[in-house]
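Q: Sharing a model that was predicted from the sequence below.
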Amino acid sequence: MQQGDIFTRKYVVTDKVYNGFIETFADKNPLHTDKSFAEKLGMPEVVMHGNILNGFLSHFIGEELPLKNVIIHSQSINFYKPVFLNETVSLQAEIASVSEAVKTYSFNFIFRKQSGIRVAKGKIQIGLL
């Protein structure tokens, strides 16, 4: 892996992902669980939890990279648009920098809907164990 390498992966926010998140973390905020509440706020349906995207990012780092001896050091994410149930989002992550001395890789990443609309972006740094 080297600076400038780009990785892409598609993810779908399925019922299993959505319900698993609620069951695991007990986040039952009505924006995420009550359609009429979400509609009153101008949403067409309940909004998926933003941290589901963090779960996809964790999967990407742990399972999609060619290296398995990695650990996340830090990450930041900014959310721009809501994601809804059964939507597909594409993750694109580019290696922004590599430090051989401290064995780290920094990525800039972006999540987009199939329409191309940006829903979130951020940075993540991983280290080799």
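A: That came through, no problem. Numbers count the residues shown, from 1 in each chain.

Q: contacts and neighbour counts: CA atoms only from here.
A: Noted.

Q: Which of the helices or strands spans the residue sitting furthest away from the middle of the chain?
A: Ranked by distance from the centre of the chain (CA atoms, centre = their mean), the top residue is A101, with 28.2 Å. Remark: A101 resides in no helix or strand, with elements defined by DSSP states H and E.

Q: pLDDT on the lengthiest helix in the chain, on average?
A: Ranked by residue count and defined by DSSP state H, the top helix of the chain is helix 15-25. Along helix 15-25, the predicted confidence averages to a pLDDT of 96.

Q: let's have the chain start at 2 instead
A: Okay, residue one is now 2; in that scheme the one you just asked about reads as helix 16-26.

Q: got the buried residues for that helix?
A: Along helix 16-26, these residues count as buried under the neighbour rule (16 or more other CA atoms under 10 Å): V18, Y19, F22, I23.

Q: What is the subsequent helix or strand relative to it?
A: Past helix 16-26, heading to the C-terminal end, the next element that is a helix or strand (DSSP H and E) is helix 31-34.

Q: what's the following helix or strand after that following helix?
A: Helices and strands here follow DSSP H and E; after helix 31-34, the next one along the chain is helix 36-41.

Q: ok, back up a step: and the residue farthest from the centre of the chain, how far from F108?
A: Using CA to CA, to the nearest Å, one gets 17 Å for the distance from A102 to F108.
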